[in-house]
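**Student:** Turn this into a model:
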Amino acid sequence: MGGSEGRWVVAAEPVEIKINVAGAVDAAVDVLSLDDGEARDIYFAEDTTPGLASSHLLLAAGVVLRLRREADGAGDTTAKLRPCRRSQLMARWSADTKDDDDQWVYRIEGDLTGSRRVLAASLVQDLSATELAAGLDDPAQAFGRQTSFLDDCAAVRVNLAALTILGPVRATKWSKIKVGSVKKVNAERWRVGSLDFLELSRRVDADEAAAALAELTLAVLKAGLMLDTSSASKTEQVLDALA
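**Tutor:** Numbers count the residues shown, from 1 in each chain. Model (predicted):
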C-alpha cells in the first residue's frame, strides 16, 4: 500500500449520509418509482463461537467483514472498521489509495445517520466468480488481501479461517435516483427472514453533510415516507437475524 510513513495530514473526508425508510418497503419502492434494480447477495463473516458476550463479536468490536455476489457470480469483499479511531490507523492506512488496475480500493470516510457521525475505514477487493465461490467456503481466501489491514488496524485479532459465513441477504440496488429535488441518491433494499430494509444514501463533502442530510430527510418526508428511528444499525439487525 502507498502512503507516507511520516507525520499524518488530517483531511476532511467525504461523508456518506444514510436514511432508513420505515414501514412497508414495497410501498416506498412504488413511491420512489424504482424500476428493476441490480440484484445481488450479501454475506457476512463473523465469529459465532458459543458463549461469547455478543452474537456478532466482530461487529461489536467495530469490524465488519462483508461479501457481495453479483448476478454473474463475481463480486467483492469489504473489510471495514466502523466506528474507527484515527489513532488506530497506522501510517500507511492514513490516506485513501487504490491499485493501478482498480482491483482494490482503500477509503476513509465519515458515516452520518441521524445525529450519529462516525469515521469508517474500508478496504474493498474485487473477486472473480471462482474466487468468490472459494471465499464463501473459506473466509481466509475471501479476505486474504485485507489481512494486513486487519492486522495493523483492527481493535481485535481476527483469524479469518475460524470465522463463519452468514447469509445470504437478498439485496437490490438502485444508483443515482432522484428523491424529490435531491439528485444522485443511492437506494438499497435488504431482505432476510422477516426483515426488510430500504436505505437511501449519498456521498457528499464533509462541510455539506449536515445540510445534505436535512435536505434528504425533508425530501423523504415530503414524499410521504416514514423514517426508521431504530437505534440499531441495519447491519446489526441483519446479523442478529442471521446469527
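**Student:** list the buried ones in the helix or strand hosting Arg191?
**Tutor:** Assigned by DSSP states H and E, Arg191 belongs to strand 182-192. Neighbour-count burial for strand 182-192, counted by 16 or more other CB atoms under 10 Å, picks out 182, 185-192. To be clear about C-beta, it is placed using only N, CA and C from the backbone, and glycine gets the same treatment.
**Student:** Closest one of those residues to Glu46?
**Tutor:** Using CB to CB, Val192 comes nearest to Glu46 of those, at 13.9 Å.
**Student:** Is it correct that that closest one is in contact with Lys234?
**Tutor:** No. Here Val192 lies out of contact with Lys234, judged by CB atoms under 8 Å, at a distance of 10.6 Å.
**Student:** can you give me the helices in the protein?
**Tutor:** With DSSP state H as the criterion, the chain has helices at 25-31, 57-60, 129-137, 139-142, 147-153, 209-222, 234-242.
**Student:** out of these, which comes closest to Asn159?
**Tutor:** Closest of the helices of the chain to Asn159 is helix 139-142, at 8.3 Å (criterion: CB to CB).
**Student:** Which elements pack onto the closest one?
**Tutor:** helix 129-137 (3 or more CB pairs under 8 Å, 6 or more residues apart in numbering; DSSP states H and E).
**Student:** Quick one: mean pLDDT for the helix it packs on?
**Tutor:** Averaging pLDDT along helix 129-137 yields 97.
**Student:** Look up the closest residue to Ala232, ignoring the ones flanking it.
**Tutor:** In space, and not counting its chain neighbours, Ala232 is closest to Asp240: 7.8 Å by CB to CB, 6 or more residues apart in numbering.
**Student:** which of the buried residues of strand 182-192 lies closest to Thr217?
**Tutor:** Proximity of those to Thr217 (CB to CB) peaks at Val182, which lies at 9.8 Å.
**Student:** Surely that closest one is in contact with Ala219?
**Tutor:** Yes. Val182 lies in contact with Ala219 (CB under 8 Å); the separation is 4.7 Å.
**Student:** what helices or strands is the lengthiest strand in the chain leaning on?
**Tutor:** Determined from DSSP state E, the single longest strand within the chain is strand 164-179. With contacts taken as 3+ CB pairs under 8 Å, 6+ apart, strand 164-179 sits against strand 38-46, strand 63-70, strand 182-192, helix 209-222, helix 234-242.
**Student:** List the buried residues for the shortest one?
**Tutor:** Right, the one you point to is strand 63-70. Using 16+ other CB under 10 Å as the test for burial, strand 63-70 gives 63-69.
**Student:** right, and out of these, which lies closest to Gly167?
**Tutor:** So of the buried residues of strand 63-70, ranked by how close each gets to Gly167 (CB to CB), first place is Leu67, at 7.7 Å.
**Student:** Do you know the pLDDT at the nearest residue to the closest one once chain neighbours are set aside?
**Tutor:** The shortest distance from Leu67 to any non-neighbouring residue, by CB to CB, 6+ apart, is to Tyr43 (4.2 Å). With respect to pLDDT, Tyr43 scores 98.
**Student:** what's the answer for Arg7, then?
**Tutor:** Per-residue pLDDT puts Arg7 at 35.
**Student:** One more: Val156?
**Tutor:** You'll see Val156 listed with a pLDDT of 96.
**Student:** For the closest residue to it other than its chain neighbours, list the residues it contacts.
**Tutor:** Spatial nearest neighbour of Val156, chain neighbours left out: Ala61 (4.4 Å); criterion: CB to CB, 6+ apart. By CB atoms under 8 Å, 6 or more residues apart in numbering, the residues touching Ala61 are 154-156.
**Student:** Could you list the low-pLDDT ranges of this protein?
**Tutor:** Applying pLDDT under 70 to the chain flags the ranges 1-11.
**Student:** can I assume Gln103 is in contact with Leu127?
**Tutor:** No. Under the criterion of CB under 8 Å, Gln103 is not in contact with Leu127, lying 9.1 Å apart.
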